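Undergrad: Following is a predicted model, sequence given first.
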2 protein chains.
Amino acid sequence: MDDGITAWLARFDTALHDDDPRAVAALFEPAGFWRDLLSFTWNIATLEGRDAIADMLAACLAATRPWGWRQDGPAEATEDGLAAWIAFETDAASCKGRVTIRDGLCHVLLTAMDELKGHEEPKGARRPMGLEHKSVRDRETWSEARARTTARLGAEDQPEVLIIGGGQGGVALAARLKHLDVPTLIVEKNPRIGDSWRDRYRSLVLHDPVWYDHLPYLPFPETWPVFCPKDKIGDWLEAYALIFELDAWTSSTCEAARWDPDAGRWIASVRHEGKDVTVSPRQLVFCTGAYGPPREPDFPGQDAFEGTILHSSRYHGGAEFKGKRALVIGAGSSAHDVAADLWEAGAEVTMLQRRPSIVVRSETLMRHGFDRYSQEAVERGLTTETADLLAASTPFAMFCEKQKRVYETIRAEDAHFYARLGAAGFAFDFGEDGSGLMSRALRTASGYYIDVGASSLIADGEIAIVAGEEIDRLTPAGARFRSGREVEVDVIIACTGYQSMHETVAGIVDRETADRVGPCWGLGSGIPGDPGPWLGELRNMWKPTAQEGLWFHGGNLALSRFYSKFVALQLKARCEGLPTPVHASRSTGSAAMSPEG
Amino acid sequence: MDDGITAWLARFDTALHDDDPRAVAALFEPAGFWRDLLSFTWNIATLEGRDAIADMLAACLAATRPWGWRQDGPAEATEDGLAAWIAFETDAASCKGRVTIRDGLCHVLLTAMDELKGHEEPKGARRPMGLEHKSVRDRETWSEARARTTARLGAEDQPEVLIIGGGQGGVALAARLKHLDVPTLIVEKNPRIGDSWRDRYRSLVLHDPVWYDHLPYLPFPETWPVFCPKDKIGDWLEAYALIFELDAWTSSTCEAARWDPDAGRWIASVRHEGKDVTVSPRQLVFCTGAYGPPREPDFPGQDAFEGTILHSSRYHGGAEFKGKRALVIGAGSSAHDVAADLWEAGAEVTMLQRRPSIVVRSETLMRHGFDRYSQEAVERGLTTETADLLAASTPFAMFCEKQKRVYETIRAEDAHFYARLGAAGFAFDFGEDGSGLMSRALRTASGYYIDVGASSLIADGEIAIVAGEEIDRLTPAGARFRSGREVEVDVIIACTGYQSMHETVAGIVDRETADRVGPCWGLGSGIPGDPGPWLGELRNMWKPTAQEGLWFHGGNLALSRFYSKFVALQLKARCEGLPTPVHASRSTGSAAMSPEG
């Protein structure tokens, strides 16, 4: 069975060696995929079809010089063809990947940089000794060295990388960079690392299960809860920063940043310990969450409303709303969580649903969506690292197609659940093309809910639903909808979502730069909120943007874990002055490095 | 090959089932060993020889009711015979073990309790969910429940267990108890968990390598240094306490404790946040280090000495002694570390060696003493848990015998090193019976050094040695030795070691209880500092003592990791009111439960 893979790899190696992009592309199916994470493109790109593959190779092959292609483990028969893990080398890096072939042609190829040669992570046999086994006069101890570098960082010594935001994205990236010996400073607005979780509404727990949530280097213990409560994840992030000796300025904000093209550095103004400090990193990474600033409510008549109105980001708990009438605007994750939290606190809750949502029961999603990240997977011996590469080896276009079948199963299994939800007036769908919740998360990062309890309250009529309406205006006593219907409420929680991350850039750098960089997230699927053309990758995430030295990193814990590696490799390569010729095309999902920006 | 084990286990099972202690004992070699960790004896005991085995079974078999003996993995040929992992059940627990047979008879049997039935740890598939997937009015969140229990602990709610000391022993035990749902409070005198490490001399690093140092539930990352610097281990302990939600009162001291036999509880007076609080736990665990209070210097003429004199426990670094003449009294680990630290700081150092020390080069010891705890072991797939059980399966008597051969090898390999050390006047040996450093650590916990640099300074004459002397008296300008020789020094660091842990009991409980409990540590080897008779186990450590509800837990990180499990199982069983009939005999190394105490 392995012969098919070995033979294909040999032909592939020969064609690459012959410097013949067309011949290489001909080894793929006409509509075959090649997903590359840095190893050829110094970008995150999915090449779809032979032309895109040949174009990429014509641009990248000479600088990459790949060799030593080998199968790494037994081949497996999968629904997509015969698949196997592979390994190979380039001039710059040792790399891993996965190949799937059908009828002798490649259906999907993943190539992913693993370690930069000469800059490998100090792990296992490479770990530091911690001391020299000899005595030297005036030796500096580990702690003294650490205290010195910390004191100098951002003052006498400028960081290579400034990370704005010390949530899971910021700390995971900083830990990667620490291990790669890249001087890095986190600026975190809250007093303690982890407060970005602690400060959210009281009942919040992670909606993703523990097996999906591990951060790099330090997996959660075997006794960690499946769905981690918010304060506990806050404490974990704080402990993580302590353990990995991350340099973080807390209670500090990056007020402004300007790129100095002559110096090749940012001039960033940071409010730190009551002073304005200028920090000049070469790289500036926005780790401010997968979202930008809140979409604040701004309804006609809002000033006249006599009750309380707040955006979900400022909702901390329902205690003060006991016995009150509450209107929750929106029907995504926050709206469901807030509605349930208000109900638990004893409020009378109405949810205003403007558009259909995708709702999946948590247990069902665990079964169908997280089979690679589960107790069963652990017991099968599947490591998180392998599960991540397996997930990465499915291009987004394929993923969305495959999800359609999953959602057919889910709809059938949970038919009773959906019938009850529909009977209560709740509007649900499974995405414009039936590809479900995770596809929508990738496309718009909004309009879905993994049910951990709120849907039952809706089905039971405990949370009232107003669907297909929009706010016309607020009144002193409540809200009037477009249909003319009015509700009287004491409190309105606007779960109206967030703007794109690039709006945070507009606030800190400037409008022009933000617009040139463009929005983050989304695949170019053509649905509302994710305009085409199709990109094949998430916009602007984890890869070069149209602004030199400006990066976005974020997402849930799993994305922060996986992509922090690739952001760190890109930053390390630049820190070391290695050549990093970026292949930019439509397929990379970014306008990086193209003259027009 | 496995047949030998299976056949022996079948005979063993039958003899146990027949309730025939003599027949069971006859399945052992006449001088065979049975080491039991709780499963039969509710004690930590090594039975040496058939009589001891038969006596133990006569006392314990009826209450234990073992069954289901099975081999767990392939048998291996070892230098001690054919060996295999085993598993079995008792009424109370599921258990593990290891059996080694020679010529059809058991040479060594290890039996170790693994989990109490009905009280298994919540790990893997048993981990908590973190939330209930339904909404309930006034639901208490994880954080709220944690805040409530923390606020009540030691006030409205009394802890089951009070741990004095928040070092590695205290936090490892508290983490075990947390997972077993036993309400536990740590009292730590320092402001932060980890300060017991941070406050020591600046150049301190762990002398044991990382693979040996993992704590339960959360192994060090793959990138952790081999020899962890003191502040870094302090931060790790602090993060560990945060991650596992340990309840610790810092800057707090247990001033006094009195056992109330009627209530079956301690009445402990704790100084906490400026107030005296009475805490009444059922169990009191001393985790105050492997040692008791310092052996403070008390030399004739000490008051007249015009320089500085301090015990090593109060030595933080040599900066203030630059250019000064220093006398280090002692030649154990602290003395070597302090002498090297003083030398690094620029002092002129003389070491007064009163007795020969055992010195082994760190690299050599890693190779010969830590093969089960090494990068190679990790790569062979040997887990820490298995390595621990393997170590536990060698009774101390056998261990000391086996070490003699190791030290013959070490002496030969490092002959040049020892020749240089001897030429510099340093007195070394390999233990009274040639069994080396780790044996001495078990017997007296003093008089040895793992060389990480100081020995080279001694060999090179950079640290001067005065050997075989004792202080006669201090003079205003220095010290006079018994031989009449005098030295002039500005500073004296007394690395004179520590008293036994039971002296801490004398300070907190009372002299009578401390004396009744007796000293801790030591095997009864008959050497100075470890008087006979032979016990086969460490005195009073990790098992019932002569005082109900009083326990000792401590040692290095490895011992804290491994034995915390057995202390926690004993405390959990008592918390749940399970029968825990303790088998006390000479072989248990404790006087526990015997009427005379």
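TA: Nice, thanks for sending it over. Treat the numbers as computed from the prediction; the structure is a model and nothing was measured.
Undergrad: Mind jotting down where the strands sit in the stretch 401-550 of chain A?
TA: Taking DSSP state E, counting those that start in this stretch, the strands of the stretch 401-550 of chain A run over residues A:448-451, A:463-467, A:471-475, A:478-481, A:486-488, A:491-494, A:550-552.
Undergrad: most tightly surrounded among those?
TA: Most buried of those, by mean neighbour count (mean count of other C-beta atoms under 10 Å in any protein chain shown): strand A:491-494, with a mean of 26. For the C-beta atoms, the positions are set from N, CA and C on the backbone; glycine is no exception.
Undergrad: now the strands of the stretch 401-550 of chain A as a markdown table including mean pLDDT?
TA: Putting the strands of the stretch 401-550 of chain A into a markdown table (pLDDT from 0 to 100) gives the following:
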| stretch | mean pLDDT |
| --- | --- |
| strand A:448-451 | 95 |
| strand A:463-467 | 96 |
| strand A:471-475 | 96 |
| strand A:478-481 | 96 |
| strand A:486-488 | 96 |
| strand A:491-494 | 97 |
| strand A:550-552 | 98 |
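Undergrad: Determine which of those strands approaches chain B most closely.
TA: Evaluated over these, closeness to chain B peaks at strand A:448-451, with 7.7 Å, by C-beta to the nearest C-beta.
Undergrad: tell me the pLDDT at A:Ala290?
TA: What the model reports for A:Ala290 is a pLDDT of 68.
Undergrad: if we can go back for a sec, please convert the strands of the stretch 401-550 of chain A to a markdown table, extending it with distance to chain B.
TA: Below are these laid out as a markdown table (distance: least, C-beta to the nearest C-beta, whole Å):
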| stretch | distance to chain B |
| --- | --- |
| strand A:448-451 | 8 |
| strand A:463-467 | 9 |
| strand A:471-475 | 26 |
| strand A:478-481 | 24 |
| strand A:486-488 | 22 |
| strand A:491-494 | 16 |
| strand A:550-552 | 23 |
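Undergrad: Dump the ones you listed to CSV, plus distance to A:Ala345.
TA: Output for those, formatted as CSV (distance: least, C-beta to C-beta, whole Å):
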stretch, distance to A:Ala345
strand A:448-451, 19
strand A:463-467, 13
strand A:471-475, 23
strand A:478-481, 20
strand A:486-488, 19
strand A:491-494, 11
strand A:550-552, 36
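Undergrad: between these, which gets nearest to A:Leu82?
TA: strand A:448-451 (34.1 Å; C-beta to C-beta).
Undergrad: Okay, now the unreliable bits of the stretch 51-200 of chain A?
TA: Low-confidence segments of the stretch 51-200 of chain A (pLDDT under 70): A:133.
Undergrad: who in it is up against chain B?
TA: Residues of the stretch 51-200 of chain A lying close to chain B (C-beta under 8 Å from any C-beta of the partner chain) are A:121-125, A:127-139, A:141-144, A:146, A:179.
Undergrad: make it 7 Å
TA: Counting by C-beta under 7 Å from any C-beta of the partner chain, the residues of the stretch 51-200 of chain A close to chain B are A:121-125, A:127-131, A:133-139, A:141-143, A:179.
Undergrad: separation between the closest residue to A:Ser252 other than its chain neighbours and A:Trp534?
TA: For A:Ser252, ignoring the flanking residues on the chain, the nearest one in space by C-beta to C-beta, 6 or more residues apart in numbering or on different chains is A:His272 at 4.3 Å. Using C-beta to C-beta, to the nearest Å, A:His272 is found at 43 Å from A:Trp534.
Undergrad: Have a look at these two and say which one is more surrounded.
TA: A:His272 (18 against 15; other C-beta atoms under 10 Å in any protein chain shown).
Undergrad: ok, that one to B:Cys95 distance?
TA: Separation of A:His272 from B:Cys95 (C-beta to C-beta): 57 Å.
Undergrad: wait, A:Ala175 sits on A:Ala248?
TA: No. Look at A:Ala175 against A:Ala248 with C-beta atoms under 7 Å: they stay out of range, at 11.3 Å.
Undergrad: So which of these two has more stuff around it?
TA: Comparing A:Ala175 with A:Ala248 by other C-beta under 10 Å, the one with more neighbours is A:Ala175, at 25 against 21.
Undergrad: hang on, that one in a strand?
TA: No. Applying DSSP: H, G, I helix; E, B strand; the rest coil, one finds A:Ala175 to be helix, outside a strand.
Undergrad: Next, count neighbours for the nearest residue to it once chain neighbours are set aside.
TA: Distances taken as C-beta to C-beta, 6+ apart place A:Phe244 nearest to A:Ala175, at 4.5 Å, with adjacent residues excluded. A:Phe244 has 22 neighbours, counted by other C-beta under 10 Å.
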